[in-house]
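A.B. asks: could you look at this predicted model? Sequence included:
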Amino acid sequence: MRKPNGYGSIKKLSGNRRRPFVFVITKDGKQKALGYFCTQTEAEIYAADYNKKNHKILHGHETTFSELFYRWLPFYIDKHQPSKSTINSYHNSYKHCLPLHEMPLKKIKYYHLQDIIDTVKRKGLSYSTCKKIRSTLSLMFKYALMMEYVDKNYVMLLNLGKNKQKRPHKPFTRQKINKLWSNLNIEGVDTVLILIYTGMRIGELLNLTKDNIYLRQKYIKITKSKTKSGIRAIPIHEKILPLIISNMNKSSSKYFICNKNNIPYSYNTYCTLWDKIMKLINAKYTTHDCRHTCATLMDNAEVNYNAKRRILGHAINDVTNGVYTHKDIRQLRKAINKIK
């Protein structure tokens, strides 16, 4: 569709630029740049908003899927402050929806959305990826309903199929745990034991800062987690207390675990380290297996149900247990120290 006179134009600049798209208008016979953008869609949204504000509405324009994404995401970030990894997962989900990008929202039907999920499954991608795509679509279309871009939401009708785990999680054997203890001189082995004896998620450990570790009271405060229930206090098991103290004094970084150069681990760099440790102990565990190990050790030690769920950061559905039962850090420390 041809844009009206005076609407402005979007150009792509040459070279390797972080923001290669520019929106320009003609003023007093000269072109004036009003903004630079990473994608053409962001530039189109800015142009539409600018012209609407200046009463130059593009008649017949229909909001597209791409426009919705770039309108919704800044709104969601401002309201919920999600982590960088969560934001990246939204962008990855958006990329999987390529066939929808230029489609007007009101023309997107159930079968268009279901085809995105089916295509991802045919490519052999995981059930988790499908869930993330559905979650992203759900958030986007809730926003679209709120802004009255659409009057129907088909997302909750999407069928993801059954979750077939490629490799079920399994706890570390006592033999492998003992092998970790005997190799503490190897870089990163201490972090595996810390994961096992705390039940932390790998993301929680990588984001953990030293100011959230209370050595005197012997607990760790998790302030950033995957779930609301994950925001919790974890008691420090007596066996890993020396490992915690050693890491606290190891570097000048504010982060709890760092490499030899005092640089915090990213998920990818830690996975490289993890693979080396697994090769060392001749095992094929994942980082999430540490949580299963912690849960299994607590089960074997007959740790109280509520204490176990609070340590792991699991939601408690029962009203009595969730609201009226309170476990202080001393009780949780007593519970975690039951495991050997």
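C.D. replies: Received, thanks.

A.B. asks: so what's Tyr36 up against?
C.D. replies: Arg19, Pro20, Phe21, Val22 (CB atoms under 8 Å, 6 or more residues apart in numbering). No exception for glycine: its C-beta is placed from N, CA and C like everyone else's.

A.B. asks: mind giving me the ChimeraX command for buried ones among these?
C.D. replies: Filtering the contacts of Tyr36 down to the buried ones (16 or more other CB atoms under 10 Å) takes a single ChimeraX command:
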select :20,21,22
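
A.B. asks: in which helix or strand does Tyr197 reside?
C.D. replies: helix 189-198 (DSSP states H and E).

A.B. asks: from the contact counts, what lies against that helix?
C.D. replies: Contacts defined by 3 or more CB pairs under 8 Å, 6 or more residues apart in numbering; DSSP states H and E place helix 189-198 against helix 174-181, helix 202-206, helix 241-250, helix 267-280, helix 289-300.

A.B. asks: which of the contacts of Tyr36 fall within strands?
C.D. replies: Those of the contacts of Tyr36 mapping onto strands are Phe21, Val22, per DSSP state E.

A.B. asks: out of the contacts of Tyr36, the closest to Leu160 would be?
C.D. replies: Using CB to CB, Phe21 comes nearest to Leu160 of these, at 34.9 Å.

A.B. asks: spatially nearest residue to Leu206 (excluding sequence neighbours)?
C.D. replies: In space, Leu206 comes closest to Tyr265 once its chain neighbours are excluded; the distance is 5.7 Å by CB to CB, 6 or more residues apart in numbering.

A.B. asks: tell me if I'm right that the one you found and Trp274 touch.
C.D. replies: No: look at Tyr265 against Trp274 with CB atoms under 8 Å: they stay out of range, at 9.8 Å.

A.B. asks: mind giving me the domain split of the protein?
C.D. replies: For the chain, automatic domain parsing gives the domain ranges 9-53, 65-157, 174-336.

A.B. asks: may I have the distance across the longest one, first residue to last?
C.D. replies: If I follow you right, that is domain 174-336. 17 Å (CA to CA, to the nearest Å).

A.B. asks: what of stretch 292-308?
C.D. replies: Start and end residues of stretch 292-308 are separated by 12 Å (CA to CA).

A.B. asks: next, the buried residues of it.
C.D. replies: His292, Thr293, Cys294, Ala295, Leu297, Met298, Val303, Asn304, Asn306, Ala307, Lys308.

A.B. asks: swap in stretch 236-247?
C.D. replies: Buried residues in stretch 236-247 (16+ other CB under 10 Å): Ile236, His237, Ile240, Leu243, Ile244, Asn247.

A.B. asks: then stretch 121-137?
C.D. replies: Tyr127, Thr129, Cys130, Lys132, Ile133, Arg134, Thr136, Leu137.

A.B. asks: next one: stretch 76-95
C.D. replies: Buried residues in stretch 76-95 (16+ other CB under 10 Å): Tyr76, Ser89, Tyr90, Ser93, Tyr94.

A.B. asks: likewise for stretch 175-193?
C.D. replies: Neighbour-count burial for stretch 175-193 [16+ other CB under 10 Å]: Lys176, Ile177, Lys179, Leu180, Gly188, Val189, Asp190, Thr191, Val192, Leu193.

A.B. asks: over to stretch 147-158?
C.D. replies: Here stretch 147-158 shows Tyr149, Val150, Tyr154, Val155, Leu158 as buried, counting by 16+ other CB under 10 Å.
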